[in-house]
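S.K.: Give me the fold of what follows.
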Amino acid sequence: MNDRFTLAVTGQSLIKHDIRDIPAPAFREVQSLLRQADLSFTNFEGTILGRHGGWPLKGSFFGCSDPVVLDTLRAIGFRALSLSNNHAFDLGPSGVLSTLEEVEKRGFLHAGLGRDQAQVSRASTATIGGRRVAIVAMDGGPGPDFMYAADGDDDRPARPGVNRLRLTQVLAVDGAAFEQIRAIRDKIGYTAIDLTNDSQPDDPPRLAAESEVGIARAVFRRSGQFGRSVKIDEADLSRNLSAVATAAKDGSLVVAYLHHHHWASDWYQVPDWVSGVARECIDAGAAMFVSHGAPVLQPIEIYRGRPIFYSLGNFIFHVRSE
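M.R.: Numbers count the residues shown, from 1 in each chain. A predicted model of the protein is given here:
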């Protein structure tokens, strides 16, 4: 087997229409580069309106595309897609099923979207150019609980959806503000039942009684100073790291992918929590870590000799002109 393997990665592709006929020389040059790589990868930032139909689950930022956009991505040169992002559920489970059906019909290596949690929790693998390649793709939201894949049981059917890395925004406040927030919660009678209603269909997170207060979907933490941070769900992180490690042990070149909108106030800054997740993925065996979210190009890090692309920004970005 040839030890040389070229993987091309790009910004995300929020694509709404066929762009194969664009004659611009620069665009043709980009296509040539993508086609020359052994494997070219992008995040398909959308959902397909296909055989299974669906209904819009968003307002202003809703989006869906006809299956022809997948033909476009393939013609440009892409053979691998992440499907885990905030637009993957814009048509609900029906859109998930249509997207999977159309992506699979075209032979893309894809990850991040599945018919249940068991499916999205496994790395997607393929042999390309004599090299075994795997992708583990996660979405950190924020998004409603119902957009994420779930397994079924005797009382509840499985839910098609996105592979989740649950992230919670934690708002740090000083002791005086914390006591005021807790007093407000108690005076309005906010209870665990209210928290359950706010977070349907999943159960509320367990909060440390003396150090955290949860109201609606916000978590306030007692601290010596004001600020905000992100808390990572350890079960979700462990599940995804296990998928990375399993694929790496099988001899695959593993791409670990994360899409999220938990940006720093300055989009060009990389939040500390993202660095931690990226490095844990590399430690688990990933050959590289790729991320999208903030629509800008963020720094690239080489960690243990392996690249971390904190945000590759946008490659194709079709939005309505006002």
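S.K.: what's the span of stretch 150-169, first residue to last?
M.R.: 22 Å (Cα to Cα, to the nearest Å).
S.K.: before we move on, what about stretch 39-58?
M.R.: Length of stretch 39-58, first residue to last, Cα to Cα: 33 Å.
S.K.: from memory R132 sits against L253, does it?
M.R.: Yes: counting by Cβ atoms under 8 Å, L253 is a contact partner of R132 at 6.9 Å. For the C-beta atoms, the positions are set from N, CA and C on the backbone; glycine is no exception.
S.K.: okay, those two: which has more neighbours?
M.R.: L253 (21 against 15; other Cβ atoms under 10 Å).
S.K.: Enumerate every residue touching that one.
M.R.: By Cβ atoms under 8 Å, 6 or more residues apart in numbering, L253 lies in contact with 5, 7, 131-134, 287.
S.K.: Tell me where the stretch 101-250 of the chain has strands.
M.R.: 109-111, 113-114, 124-128, 131-139, 161-162, 167-173, 212-215, 218-222, 227-232 (DSSP state E, counting those that start in this stretch).
S.K.: Looks like E45 contacts N85 (just checking).
M.R.: Yes: counting by Cβ under 8 Å, E45 touches N85, with 5.2 Å between them.
S.K.: overlap in contacts of these two?
M.R.: Shared between the contact lists of E45 and N85 (criterion: Cβ under 8 Å, 6+ apart) are residues 12, 292.
S.K.: and R131, how many neighbours does it have?
M.R.: 18.
S.K.: Could you pull up the residues touching the residue lying closest to R239 once chain neighbours are set aside?
M.R.: Spatial nearest neighbour of R239, excluding adjacent residues (Cβ to Cβ, 6 or more residues apart in numbering): S121 at 5.5 Å. By Cβ under 8 Å, 6+ apart, S121 lies in contact with 163, 239-240, 243.
S.K.: Kindly report the same for A176.
M.R.: A176 touches nothing, counting by Cβ under 8 Å, 6+ apart.
S.K.: what's the distance between it and F226?
M.R.: Distance, A176 to F226, using Cβ to Cβ, to the nearest Å: 11 Å.
S.K.: what do you get for Q31?
M.R.: From Q31 to F226 the distance is 49 Å (Cβ to Cβ).
S.K.: Compare the two (neighbour count), which wins?
M.R.: Using other Cβ under 10 Å, the more surrounded residue of Q31 and F226 is Q31, with 16 against 10.
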